[in-house]
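Visitor: Take a look and give me a structure for this.
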Amino acid sequence: MTATETLLRPRDRRRSALRRSGPALPARRRSPKAVVQRVVLYAVLVGVVLVPLFPLYWLVISSFKTPQEFSQIPPTWFPSDPTLSQMGVALTEAPFGQSLLNSIIIAGGSTLSVLVTSVFAGYVFAKHSFRGRDALFWSIIATMFLPPVVTLVPLYSMVSSLGLADTHLGVMLPWLANAFGIFLMRQFIMGVPDELIEAARMDGAGEVRIVVQFVVPLIKPALVTLGVFMFVYAWNNFLWPVSLLKSEELYPVVLTVNRLMAYTMSFDYRNVVLAGTLIASIPTLLVFLLTQRVFVQGIASTGVKG
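Guide: Next comes the predicted model:
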């Protein structure tokens, strides 16, 4: 007999024994009001999910419709005769292969740079004390509230003066570090125990080794979350590349889709534009599908961190 059961009165001990060894009690039936409330809650949740998914659904089905079915009124919810001809036209009219490679270079390089700079800057702000640290940190955070259009002309002047206009490096240069990434990494690294870092220092580990070997594994969900956000942002960025790039062979995929719209101004070819948009969206969807488990964990951890 356990100490807890010894403290119970005899009648309580009998009840406890019955709960452990007796037959399971029938589940409590829900009241009609509770059932209705649950049904309404699920209906609202389904509606909330369908609202953001509907544009993606419409993009997919429209990409497989014929021009006649696409212009049909009322519209059809499923393609009656699915075809890939629009995909072929889009790939023929615009150099999607080269533009996808350009986007991978720009988005991948920007994302990798942001991850590295954010981790090391966040580590310094979280675990090192120096004069002016807080003022410098909040100055960096203040740049998050500047509208991108405000910095467009100064950035263009700076990049042009460096001779990087009309280059991939020039497109990536303003996004090699990110204030939000520094803020996010600082918040997560503050939760890393100081004792772990001190123990690593006592074992002779340098600061770079501490970050790479001890800090990064503990903040992996946050890193994946930041990487997904940055990759999608760099992939979809339109204003800065269209302002800087002049050579069409350097265009990322968002500019190629925009050029495809100029090629297909006729209503009969708008499904070709949607097919090109679907092609341009596939890499970002793959990134999310490959990282969704860690991404959702990182989002949940971000909410907990507050």
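
Visitor: list the buried ones in stretch 103-113?
Guide: Across stretch 103-113, burial judged by 16 or more other Cβ atoms under 10 Å covers 103, 105-107, 109-111, 113. Every C-beta, even on glycine, is put in place using the N, C-alpha and C of the backbone.

Visitor: next one: stretch 58-68
Guide: 61-67.

Visitor: And that stretch, how far out from the chain middle?
Guide: 27 Å (Cα atoms, centre = their mean, to the nearest Å).

Visitor: before we move on, back to that, could the buried residues of stretch 58-68 be laid out in a markdown table, adding secondary structure and pLDDT?
Guide: Listed next are the buried residues of stretch 58-68 as a markdown table, based on DSSP: H, G, I helix; E, B strand; the rest coil; pLDDT from 0 to 100:
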| residue | secondary structure | pLDDT |
| --- | --- | --- |
| 61 | helix | 80 |
| 62 | helix | 76 |
| 63 | helix | 77 |
| 64 | coil | 78 |
| 65 | coil | 76 |
| 66 | coil | 73 |
| 67 | helix | 71 |
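
Visitor: Can you list which of the buried residues of stretch 103-113 are found in strands?
Guide: Among those, no residue falls in strands (DSSP state E).

Visitor: ok, the residues you listed vs residue 155, which is closest?
Guide: residue 110 (14.0 Å; Cβ to Cβ).

Visitor: Show the pLDDT at the closest one.
Guide: For residue 110, the model assigns a pLDDT of 91.

Visitor: looking at it, it is touching residue 230, isn't it?
Guide: Yes: the pair residue 110 / residue 230 is scored as a contact, 6.5 Å apart, by Cβ atoms under 8 Å.

Visitor: residues shared between the contacts of the two?
Guide: residue 175 (Cβ atoms under 8 Å, 6 or more residues apart in numbering).

Visitor: got a markdown table for the buried residues of stretch 58-68, with distance to residue 129 too?
Guide: Below are those laid out as a markdown table (distance: Cβ to Cβ, whole Å):
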| residue | distance to residue 129 |
| --- | --- |
| 61 | 57 |
| 62 | 57 |
| 63 | 55 |
| 64 | 59 |
| 65 | 62 |
| 66 | 66 |
| 67 | 65 |
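
Visitor: Pull out the buried positions in stretch 91-98.
Guide: 93-96.

Visitor: I'd like the residues you listed as JSON lines, with pLDDT and secondary structure appended.
Guide: Formatted as JSON lines, those follow (pLDDT from 0 to 100; DSSP: H, G, I helix; E, B strand; the rest coil):
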{"residue": "93", "pLDDT": "75", "secondary structure": "helix"}
{"residue": "94", "pLDDT": "76", "secondary structure": "coil"}
{"residue": "95", "pLDDT": "82", "secondary structure": "coil"}
{"residue": "96", "pLDDT": "80", "secondary structure": "helix"}
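
Visitor: Just give me the closest of those residues to residue 209.
Guide: residue 96 (42.6 Å).

Visitor: Contacts only, for that closest one.
Guide: Residue 96 neighbours (Cβ under 8 Å, 6+ apart): 90, 253, 256, 276, 279-280.
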